[in-house]
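J.: the following block contains a protein sequence and its predicted model.
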Amino acid sequence: MSLFTEYDIEAPGQSLYAKKQFLSLFSKVELKDASERVIARLQGQFSILRNKYEFDLTDGRVFRFECTDRLRNVYECRSGDDVYALYEHRGLSRSIFRNEQQIAAYSKSRVTFGKGHRYEIRMDNDADLTVVVCMVLALSVGEDNGDEQSTVNFDFGNIGFQGREIDDSWEPK
């Protein structure tokens, strides 16, 4: 049993680790590389009925991430002119776009055992791994309903409206 929500993230040539701060009013998550160096901090923001975060990356960039359409589960992540959009599709799939071009897609496992939540992210080689991981973490932390200690969890995914149809033919470049 763990008092912290932890994430182990494996990417080609890189291992990342994230940990949600215990007992904070708004979610706080630190994303670290394999040498335990912080590469991003995610800070939950006050918002009624919406997920809202600020991502502070150690390279100086700051991103604002929030739900822009709750009915269709559309999220926007913005830093200056750099705009990312995340769309939830029916089921457990999601797509991430940067400036209107798809750069990543990911899905969640339907059945999990205990703390076994698993995400499979596919992304373009030149996509910003840190930003994409921060977006996935923000939604994962936002969906955390305290069921990590349950024996078996079943996720139906999105059964409602979607802001954009999934492109099943998309493949990472």
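T.: Thanks, I have it.
J.: does Leu42 touch Phe55 like I think?
T.: Yes - at 5.6 Å, Leu42 and Phe55 qualify as touching, with contact defined as C-beta atoms under 8 Å. Backbone N, C-alpha and C define where each C-beta goes, glycine included.
J.: now do the shared contacts for these two.
T.: 134, 138 (C-beta atoms under 8 Å, 6 or more residues apart in numbering).
J.: what segments of this structure are helices?
T.: Per DSSP state H, the chain carries helices over the ranges 129-143.
J.: pLDDT below threshold where in this structure?
T.: The chain contains residues with pLDDT under 70 at 1-4, 22-26, 47-50, 109-117, 142-159.
J.: name the residue closest to the centre of it, please.
T.: Val136 (1.0 Å; C-alpha atoms, centre = their mean).
J.: show me what contacts Cys77?
T.: Cys77 neighbours (C-beta under 8 Å, 6+ apart): 55, 63-65, 83-86, 131, 134-135.
J.: er, Asn125 actually
T.: So Asn125 contacts 172-173 (C-beta under 8 Å, 6+ apart).
J.: I'd say Ala104 and Ala127 touch.
T.: Yes - between Ala104 and Ala127 there is a contact under C-beta under 8 Å: 5.6 Å.
J.: overlap in contacts, these two.
T.: 96, 172.
J.: higher neighbour count, the two?
T.: Ala104 (25 against 19; other C-beta atoms under 10 Å).
J.: what's around Thr5, how many residues?
T.: Counted with other C-beta under 10 Å, the neighbours of Thr5 add up to 20.
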